[in-house]
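pasting the structure only:
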């Protein structure tokens, strides 16, 4: 997902580092604000660029024209944004994808005790990264099983693919469904490439009007 607020590096167009700090970006208004304890003053109308950082990885290059320059804040307007190769490995992308999860459910017995059985159930994926998947579904009995399988096909994968997941955070209720965040346990080489390509395309879509 586009890092609207993240760590950043302010640079000149020839890649000389000016300062380290934070950046807040408005894709809609097409501006970026860089802040730090001390920001060297730049001449209004000068062009500069900001490198967005996720973890220790550079993800986006934002370039634009200096509109405001003070000792703590610099604003660039008319910004352009470029996705840095490899950024898809640390970014997530929003999604609205139908999938299925293989989860535990309580089967009530008439003449015997209740027991846990497993079945495939519908879910809706809302975001994806190389490490995590967030989705909404009916309640998952995490107290009985913290690992589940998820089955998903196109447009993420070229064929139906099952992924093993482990719960990363407890679900949050939203009406009849809950929102869950699960960690991806492992992916095959093909799956890694196809998922990375999907995340890259999703992030390129978000910045397509800033080229």
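Sure thing, it's come through. Note that the structure is predicted; figures quoted are calculated from it, not measured. Numbers count the residues shown, from 1 in each chain.

For the residue most central in space within the chain, which non-adjacent residue is spatially closest?
Centroid-nearest residue in the chain, with C-alpha atoms, centre = their mean: residue 92, separated by 2.0 Å. Nearest residue to residue 92 in three dimensions, chain neighbours excluded: residue 129, at 3.7 Å (C-beta to C-beta, 6 or more residues apart in numbering). Where you see a C-beta, it was placed from the backbone N, CA and C, and this is true even at glycine.

Quick one: residues contacting the one you found.
90-93, 199 (C-beta atoms under 8 Å, 6 or more residues apart in numbering).

one step back: check the gap between the residue nearest to the centre of the chain and residue 14 for me.
Plainly put, residue 92 is 32 Å away from residue 14 if you go by C-beta to C-beta, to the nearest Å.

Residue 59 now?
Distance from residue 59 to residue 14, counting by C-beta to C-beta: 21 Å.

for residue 141, same thing?
57 Å.

Report the beta-bridge partners for residue 53.
residue 7, residue 58 (DSSP bridges).

quick check, distance from the worst-scoring helix or strand of the chain on mean pLDDT to the centre of its chain.
Among the helices and strands of the chain, strand 161-174 carries the lowest confidence by mean pLDDT, DSSP states H and E, at a mean of 85. A distance of 15 Å separates the centroid of the chain from that of strand 161-174, by C-alpha atoms, centre = their mean, to the nearest Å.

List the strands paired with that strand, with their directions.
With DSSP bridges as the test, strand 161-174 is paired with strand 147-152 (antiparallel), strand 177-184 (antiparallel).

who wins for proximity to residue 124 among the ones you listed?
Ranking the strands paired with strand 161-174 by proximity to residue 124 (C-beta to C-beta) places strand 177-184 first, at 8.1 Å.

For the next helix-or-strand element following the closest one, name the packing helices and strands.
Of the helices and strands lying after strand 177-184 in sequence (DSSP states H and E), the nearest is helix 189-206. The elements that helix 189-206 packs onto, with contact taken as 3 or more C-beta pairs under 8 Å, 6 or more residues apart in numbering; DSSP states H and E, are strand 73-83, strand 92-107, strand 115-129.

now the first one against helix 189-206, angle please.
For the pair strand 73-83 and helix 189-206, the angle between their directions (axes from the mean of the first three to the mean of the last three C-alpha atoms, to 10 degrees) equals 130 degrees.

How many residues are close by residue 141?
Burial measure for residue 141: 11 neighbouring residues, criterion other C-beta atoms under 10 Å.

ok, now residue 91?
25.

what residues are up against it?
Counted by C-beta under 8 Å, 6+ apart, residue 91 has contacts 1, 3, 54, 59, 129, 199, 203.

I'd like those residues as a markdown table, with pLDDT and distance to residue 10 appended.
Listed next are the contacts of residue 91 as a markdown table, based on pLDDT from 0 to 100; distance: C-beta to C-beta, whole Å:
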| residue | pLDDT | distance to residue 10 |
| --- | --- | --- |
| 1 | 63 | 22 |
| 3 | 74 | 15 |
| 54 | 93 | 17 |
| 59 | 96 | 15 |
| 129 | 96 | 27 |
| 199 | 97 | 27 |
| 203 | 95 | 22 |
